[in-house]
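[1] Structure, please.
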Amino acid sequence: MKPIVSQDADVLNSLRLATKNLGIELEDAVIKMGLPPDLLKTPDQFVPSLLFNSLFEYLAQDYHCHDLALHAANLLQAPQLGLPARVMSLSRNFKEALDKAAQYGAFYRDTGPWQHQVSDGLVTLFKPANPFGSQHFRQRNLFGTAQMYQLICQLSGNLWRPSRVSFSFPDPGARFTYTFHDFFQCDLAFNQAVDAIHFPEGYLEFNITSADAYLLRGVEMHIEALQQEVMTGNDLLARAKLIINQRLSFASCTLEELASYMATTPESLSQHLAEQGLSFDDLLEQQISEKANYYLTEFHAPAELILSALMPNDEPRLNELLVDKLEGKQQW
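    Now for the predicted structure:
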């Protein structure tokens, strides 16, 4: 039996093994990026960070392995998508699994929360459009899609097959296209609006062999306790900051996502923030600035890498935000 490791340790180990199989020295790559190699000894700190996403992307680009995420996914002990995946594994059938998991979107360990819709007999399980996944962190985004595919296969005893898998990025071409087809074993569509997995509606009634109502209730009580911790004892602004900070561990956060997590509407949330003299963009920039300072002081990461990881479209703006915070401590 494989030893049980944390989700983060499993993810980092899968990347370590994948790079080794591909002839890449992971520690050398980390050093080339300017990151301290000791980060590889702290997966629970390093893996839930945008700097880990940057490492994934650097490896794929610099070593020309655009299917790296699929190699890593194949080496996981189990799909590591967070608490929603645990909820799915304990549900009675796919319909209950997807409905329940959708309630806990903030806890997905992926570049975006998975959602689903049914139309004309087809289920579309998708991640909302997010440039952090499709443009800047393609490998981490693909890694999440591969794990969702693996999770559903696992829960069905490998009897489930999708009709199509869609990707929000271009076909990588050459031999990589074959790797994609070998992994997903279905039709593939690139350059789509969102990353999605499509399958016939009939599969929603498919029973899950690992279903356990008693354990499911325990997991849901745990999640509800976490949600209660966020939703009570803190004012709206403090709750919003906690949720944004959680999502900044894997991608970014939009106003619509934050409002959904807080069980309100974007309009109502914007109004509440305005009453405190803030916009959503102000709040997001504050939390990005805090995360940047954390990466600088705790990870000792290069400033340029932090800027490109957290605000890849506007590094100068993040640099401005950090001037006052870091004045006298660090020259950016």
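
[2] Quick check, residue 24 in contact with residue 63.
    Yes - using C-beta atoms under 8 Å, residue 24 is in contact with residue 63, at 5.3 Å. All C-beta atoms are positioned from the backbone trio N, CA, C, and that covers glycine.

[3] more crowded one of those two?
    residue 24 (17 against 14; other C-beta atoms under 10 Å).

[4] residues contacting the more buried one?
    59, 63, 65 (C-beta atoms under 8 Å, 6 or more residues apart in numbering).

[5] which of the residues in stretch 305-316 are buried?
    Residues 305, 306, 307, 308, 309, 310, 311, 312, 315 are the ones in stretch 305-316 that count as buried (16 or more other C-beta atoms under 10 Å).

[6] wait, doesn't the fifth one sit right on residue 55?
    By that I understand residue 309. No - the pair residue 309 and residue 55 fails to qualify as a contact (C-beta under 8 Å) at a distance of 9.7 Å.

[7] So residue 116 belongs to a helix, correct?
    No - counting by DSSP: H, G, I helix; E, B strand; the rest coil, residue 116 is not part of a helix but strand.

[8] sorry, back to before: which of the contacts of residue 24 fall within helices?
    Among the contacts of residue 24, the members found in helices (DSSP state H) are residue 59.

[9] May I see the contacts of residue 24 organised as CSV, with distance to residue 207 added?
    As requested, the contacts of residue 24 are exported to CSV (distance: C-beta to C-beta, whole Å):
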residue, distance to residue 207
59, 39
63, 42
65, 38
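
[10] Dump the contacts of residue 24 to JSON lines, plus pLDDT and distance to residue 129.
    Converted to JSON lines, the contacts of residue 24 look like this (pLDDT from 0 to 100; distance: C-beta to C-beta, whole Å):
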{"residue": "59", "pLDDT": "97", "distance to residue 129": "25"}
{"residue": "63", "pLDDT": "94", "distance to residue 129": "28"}
{"residue": "65", "pLDDT": "95", "distance to residue 129": "26"}
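
[11] and which of the contacts of residue 24 is nearest residue 288?
    The closest of the contacts of residue 24 to residue 288 turns out to be residue 59 (C-beta to C-beta; 24.1 Å).

[12] Give the full set of residues in contact with the closest one.
    15, 19, 24, 26, 29, 65, 68, 139.
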